[in-house]
Structures are given as C-alpha cells and as structure tokens.
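Asks: this one's sequence-less:
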C-alpha cells in the first residue's frame, strides 16, 4: 500500500489516514462500497458511500499516475537520459499534467522546425540569444553570419536567426514553469467562443443559440459546454477556448525576455511565435479536454441523481395488476399479473378504433377485473396513454381498482432484450412491454434493473459524455439503490440479484438455479450451498439478502449474520427470544449497547443493529401515492397560458426540470422558475418522480415546447 497516496487522499478529503488506509485495504480485498458503508463502519470511521467511492476512484487515479510514471522512467532509462535530478522530478510529480510537462522535452518527437535548425548547427546561436538578453552593442548580423552555411541550408544571417528562434520557441513551449502558469491562466481567463461554419446554418439550426456565442469558460455550465462541443464534432461550429492573447504571451515573455536589446527582441519574437504556434494549440486542446471532463462529471452526476430517485420511487407493492401498453391503430396490449408479478393472462383490446371495438374492450376489462380480482390498473404514458386513461377511468369496474399512469421509458428496450426473451420466449415484444409496465408499478427497482440505465431517459447529453465513466457511475448507483432496499432472495430476478454486493451475474444465475432445483431458501446460511458462492461472497452479500417468513427471524432483516451472536447475547441478557425482542420496543430500549462493544464491533454497528431490530427489513422507500393528471387536458391544444396543472418530474438537468403534465410532451420548468428564490442546483428543489403543481407560462405548438413555472406568481 502506497503511504504517500494514503496521506495525500487524507489531506484532500479531510479524513483520518487510518480510515483511508483501512478502506483502501478492504477495497483491495474485494469489498464493495455498499458493504463497507453498511457493515464496516468501525474500520472506515463511518464513511458514507460517496466518501468511499471517492477514495476508490482517487486510488485508481493515483495508480494510473504511477503506471505512467513507471513507463516514463523506463523510456528515459532505455535512452540513457535519466539523471538523478530528473528522476527526482519525475518521482515528485503529483498530477498527470505535471508529469507530462517534465517528460515533454525528452519525449521522442517527430521532425520539427527546431529539429531541422539543430541539424543545421544553430543550437549554439539559440543558446547565445537566450543567455545574452542584456547585452548591448552586439552586432547580431555578424554573430549570425558565423552560422551561414549554404550547403547546410542556412544561406543568410536572417535564416540563421530564424532557425535559432525556432529552437528557442520549442524550448519555451517545453518549459515546465511556462506551461504551469499558462495552464492556470487558461483555467481562470479562457473564453469559450463559437461561430457557425459558413453554409451550415440550416443544417445546424438546433444550435442557433451558439452561432455567435461567447462566455467565460470557467463559468460555462456543463450542458452548454457539451452542446457546443457536440456541434463542433458534427461540423456545425468552430469552437475556441483561449485566454486574451496579450495576457497569455506576457507569461513566457516575463520568464524569458529581459530588456529591449536587439538580442532580447529576437527572443521576444521567438516567445510570441512559441505561444501562437505551439503553446496555444497544445494548451487549448488540453483545456478543452479538461472542460469536457468537468462537463462530463457534472452531467454524469445529474444522471446518477435522477436515476437514484427513479429507482427508489415508491412501489405499490404486491398487488394484482392489469397493465396496458396503449396504442391507437394496433390496439392496447393487456397483461394481467399476480401479486408477485407473474403473468397470468394477456390479450389486446382496441378502445380507440370504433364504437363496437370500444364496447368489446369495456366488456373484456370488466370481466378481467372481476375474474382476477384486479387491485390496480397500470397504463403506460406513451402514445394514446391519456386517451386510454380517460377510457379506463370512465368505466365502472368491479373492485374499483386504482388507475395509475406509469412512466414507460425504456420498456421497449426491455421488450427486445435477451432478458425479456429468456423470460418470455413465446410472447410478442408488445406484450412483454405491457408486463414491464405492470411490474414497474409493483416494484420500480426490481423492473428497472433489467434495463440498461442509459435507456431509462433521465440523463443529460448522455451520449456525449465519456461512456466508461457514465457506465461505472450508473452501475454504482444501481448497486447502491439495490443494496439500500435489500433483496428478497426467494423472489428476486437474476438481474436484481446481480447488483447485490458480492454477487454479480454468474452467482445471481446460480442462486436462481439453486432456488428452482431446491425450492425457496429457508435460512441465509443455505446460500453457502450455491455453486461458487464462497465465504467472501457470503460475507459481502448476506446482509443485503432477505428471507421473508424463513426459519430465523433475523434473516428477514439487515442485521448481518456475523452479528447474530451479538443479538443472541442481547436476548440472553434480557431473558427473551429473538422474535420477542423484534416485536417489543420496551425490550429494545433496555439494550445497553456499551456492554457489547469489542475489538471487532463498535457502537456504530451496534446502533445499526438496534435500529434494525425496531423495524426489521423495513423498505426505505416512501409510501406509494397514486397520481392523476388533470381531466380534459390531454394534448397541446388543450393547454392555456395560466393553467395550474398537476405533473410528475420526469428528468432534471442543470438548466431545469422536465415535467409530464399529461399531454404527450414534457414541459420545461427553467431553473429560474423552480422557486421564488435563486436556485443554484435544481436537485435542491425537485426530484425525479416527484409530484408537483405547475403553471403554464408559454406554449409553442409548432416546436412542441411548453414553458412551465413552479413559482407562486410566475412572471
């Protein structure tokens, strides 16, 4: 373990080194972030998942830096360029940019103007110019004339000076101090400017706002940066990221130029050329990459936060559901699910294609609701969704089931996926979609994990960000949500089980196979009989897996099996059984936690145990509340400025929130209209799936744009 890394991360995050070291050691042993945050609080100092993830990522970044450092040292050694001083500089570098700046003068390069000048013997002249800046009375023509050699390609003193300036320019561009100061200037003073490429105006009309755009790059929000860079990649815009040239050129001039002598003026010319020809393009590209990285981080963070809210949306729970995937011409696909989400029946009804078909659809729905004792009707919010909802709500139903609109984003992705084909090999894609809609109502988390998170539709410029970083962040978020809620090992799909700490796809399939062959798990320890599930995997997973109505009550809770002996001691001291302790608040309050502290278990874990005993296996998600759109508002034509409407937040970006108000087109609540006060982060005000009340402030029917406000008195 690299102690330098531990110390540096501790300073960066303000966390004790011993907790960083313990976390790093556990991560190296294969522990997952949710496991460490929940069951290793004594070792980590009760760090949350965000802090542990940051430590993990910083350790990996530092490992990459070390890997690059080793490659540079090897390259320098092989070419016999590694002096003791250079080795110390390489070893002391703390960032990739600093490391690359140190290596830059020694990096093998293509043949440059400076290379050619050196081949022509002009290096001494360049050094003379650099070292004699304060000299006066120097006859430059005479000095340069000493290097004239027609055969070597230096026909005149002017050509000799030009070649020397090329050498100086390259030296300046490779100077570590110059690059560091210019890098800071870029970060602080660079301006993001964009202009449309001639002839691309019509093709790039969606980027019209950026045809002549300029703003300080440091303050440019992530969505604008990503939009401009996308337009540049599409060949619509020309984009530049540069500080004021006069200020930028002054940086190397302050380092290399002294006085106004003829020699100094030659150096000044070289410095100016170095910035314009070498430094500016190099640092602009570097800063563009850094700006893109920052925009990616911000966009990925927004996506992950939105995903968390969607995954943790309140479940309706185990209810018998009739699900409808709406459609006009092809009809509405219908699926009946039992309380566990198993498909019992499927069909197609056509309530929108004629009076006789409508009456037949009414008959079928009433009959199915009575036959299967339907408790809820789930309707997808896509095409014909509002029309289907109105049809169902107007229809008297046996048992009066709740009617709920369900966000169907990504349902078509699931329908065509291998997961869906394996689950329902003989069903049409549209029927699979209806099943998914119904299951989303019962348990959003259990169903959404079957879909690639990028297909759920809650991102911001998700195709423009670095895809590996996006995938990792979303996988982290899905794992966090799954383990936070806990998983019923006897009912969960392989996809849901695969996100449990320590499990993964292979073990998840093995668990399902074991369940199919041997029946339901009766106790957690039975998991050890699953093929490939060894002690380490059991340690990581057991606390997050639930066995409802099993042989041992604590198996339905988040108490880890390793802590069962502690609970047994508590019961012995209180003179009760575990079931009695679980249902008796007075007994729980009598537990003296300090009595059970030992070298392995401290108060943080003991406090978690007592909390869990009070509500074993409690679902942390909020209570389900049914939602209904405003009646009579089903299309853009039904909207009027000033209308106050109920809506559901479907997506949040850096510039505002999109809200579904039931007209097949989400409206935008711009960040300036989210509240009666200044809002810096939309997530401070709203969450995905949140029910809100909005006011319509403008409608653009041709462009299908709706502007909404959540202010009390929108302007």
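Replies: All right, it came through fine. A quick note: this is a predicted structure, and the numbers were derived from the prediction, not measured. Numbering: from 1, shown residues only.
Asks: how does this structure divide up, domain by domain?
Replies: Under the assignment automatic domain parsing, the domains of the chain span 3-106, 321-442, 516-614, 636-709.
Asks: Just name the most buried of those domains.
Replies: Mean neighbour count (mean count of other C-beta atoms under 10 Å) peaks for domain 321-442 among the domains of the chain, with a mean of 19. Any C-beta I mention is one placed from the backbone N, CA and C, and that applies to glycine too.
Asks: can you tell me which residues contact the residue most central in space within the chain?
Replies: Centroid-nearest residue in the chain: residue 300, 3.1 Å away (criterion: C-alpha atoms, centre = their mean). Residue 300 makes contacts with 465, 469-470, 473, as judged by C-beta atoms under 8 Å, 6 or more residues apart in numbering.
Asks: same thing but at 6 Å, please
Replies: Contacts of residue 300 were listed using C-beta atoms under 6 Å, 6 or more residues apart in numbering, and they are 465, 470, 473.
Asks: Please tell me how far the first one sits from residue 223.
Replies: Same thing as residue 465. In this structure, residue 465 and residue 223 are 11 Å apart, going by C-beta to C-beta, to the nearest Å.
Asks: Could you do residue 588 as well?
Replies: Separation of residue 588 from residue 223 (C-beta to C-beta): 49 Å.
Asks: what stretches of the chain score poorly on pLDDT?
Replies: Within the chain, the segments meeting pLDDT under 70 span 133-136, 714-715.
Asks: and if we set it to 80?
Replies: Applying pLDDT under 80 to the chain flags the ranges 1, 132-137, 457, 459-460, 713-715.
Asks: Would you tell me which helix is longest in the chain?
Replies: helix 280-311 (DSSP state H).
Asks: Bridged to the residue nearest to residue 280 when sequence neighbours are not counted, which residues?
Replies: Excluding the flanking residues, the one nearest residue 280 by C-beta to C-beta, 6 or more residues apart in numbering is residue 242, at 6.4 Å. Beta-bridge pairing of residue 242 under DSSP bridges involves residue 191.
Asks: picking that back up, who's more crowded, residue 465 and residue 223?
Replies: Between residue 465 and residue 223, residue 465 has the larger neighbour count (other C-beta atoms under 10 Å), namely 23 against 19.
Asks: Sticking with the more buried one, tell me its helix or strand.
Replies: Remark: residue 465 resides in no helix or strand, with elements defined by DSSP states H and E.
Asks: chain center to the longest helix of the chain: distance?
Replies: Here helix 280-311 is found 9 Å from its chain centre; the criterion is C-alpha atoms, centre = their mean, to the nearest Å.
Asks: Check which element follows that helix along the chain.
Replies: Following helix 280-311 in sequence order, the next helix or strand is strand 321-325 (DSSP H and E).
Asks: Look up phi and psi at residue 26.
Replies: Here is the backbone geometry of residue 26 (degrees, to the nearest 10): phi -70, psi -40.
Asks: ok, so what distance separates it from residue 552?
Replies: 27 Å.
Asks: Could you do residue 544 as well?
Replies: 16 Å.
Asks: okay but residue 314 is in contact with residue 621, surely?
Replies: Yes: contact criterion C-beta atoms under 6 Å: residue 314 and residue 621 qualify, at 5.3 Å.
Asks: between the two, which one's more packed in?
Replies: Using other C-beta under 10 Å as the criterion, residue 314 and residue 621 rank with residue 621 on top: 17 against 13.
Asks: So the more buried one sits against residue 311, correct?
Replies: No: counting by C-beta under 6 Å, residue 621 stays clear of residue 311, with 9.3 Å between them.
Asks: Strands of the stretch 601-715 of the chain, residue ranges please.
Replies: Using DSSP state E, counting those that start in this stretch, the strands of the stretch 601-715 of the chain run over 644-653, 656-660, 667-670, 691-700, 705-709.
Asks: Output these in TSV; the columns should cover distance to residue 436.
Replies: Below are the strands of the stretch 601-715 of the chain laid out as TSV (distance: least, C-beta to C-beta, whole Å):
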stretch	distance to residue 436
strand 644-653	17
strand 656-660	18
strand 667-670	26
strand 691-700	22
strand 705-709	27
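Asks: closest to residue 600 out of the ones you listed?
Replies: Closest approach to residue 600 among the strands of the stretch 601-715 of the chain (C-beta to C-beta): strand 644-653, 42.0 Å.
Asks: Give me the contact list for the closest one.
Replies: Here strand 644-653 has contacts from 223, 306, 458, 460, 630, 657-661, 666, 682, 686, 688, 690-695, using C-beta under 6 Å, 6+ apart.
Asks: I'd like the next helix or strand past whatever helix or strand residue 85 lives in.
Replies: Using DSSP H and E, residue 85 sits within helix 84-92. Using DSSP H and E, the helix or strand that follows helix 84-92 in sequence is helix 96-103.
Asks: can you list the residues that contact that next one?
Replies: If you take C-beta under 6 Å, 6+ apart as the criterion, helix 96-103 is touched by 65, 72, 89-90, 93, 176, 179.
Asks: Same check on stretch 200-219?
Replies: Contacts to stretch 200-219, defined as C-beta under 6 Å, 6+ apart, come from residues 190-196, 228, 231, 236-237, 241, 291.
Asks: now swap in stretch 575-592 and tell me
Replies: Stretch 575-592 has contacts (C-beta under 6 Å, 6+ apart) with 553, 570-571, 574, 610, 613-614, 616.
Asks: Helices along the stretch 301-450 of the chain, start to end?
Replies: Remark: helices assigned in the stretch 301-450 of the chain by DSSP state H, counting those that start in this stretch are 355-371, 385-393, 411-415, 418-423, 429-442, 444-448.
Asks: And these: which comes nearest residue 563?
Replies: Residue 563 lies closest, by C-beta to C-beta, to one member of the helices of the stretch 301-450 of the chain: helix 444-448, at 25.4 Å.
Asks: on contacts alone, who are the packing partners of the closest one?
Replies: With contacts taken as 3 or more C-beta pairs under 6 Å, 6 or more residues apart in numbering; DSSP states H and E, helix 444-448 sits against helix 429-442.
Asks: try 10 Å this time
Replies: Here helix 444-448 touches helix 280-311, helix 411-415, helix 429-442, helix 467-485, strand 487-488, helix 494-497, going by 3 or more C-beta pairs under 10 Å, 6 or more residues apart in numbering; DSSP states H and E.
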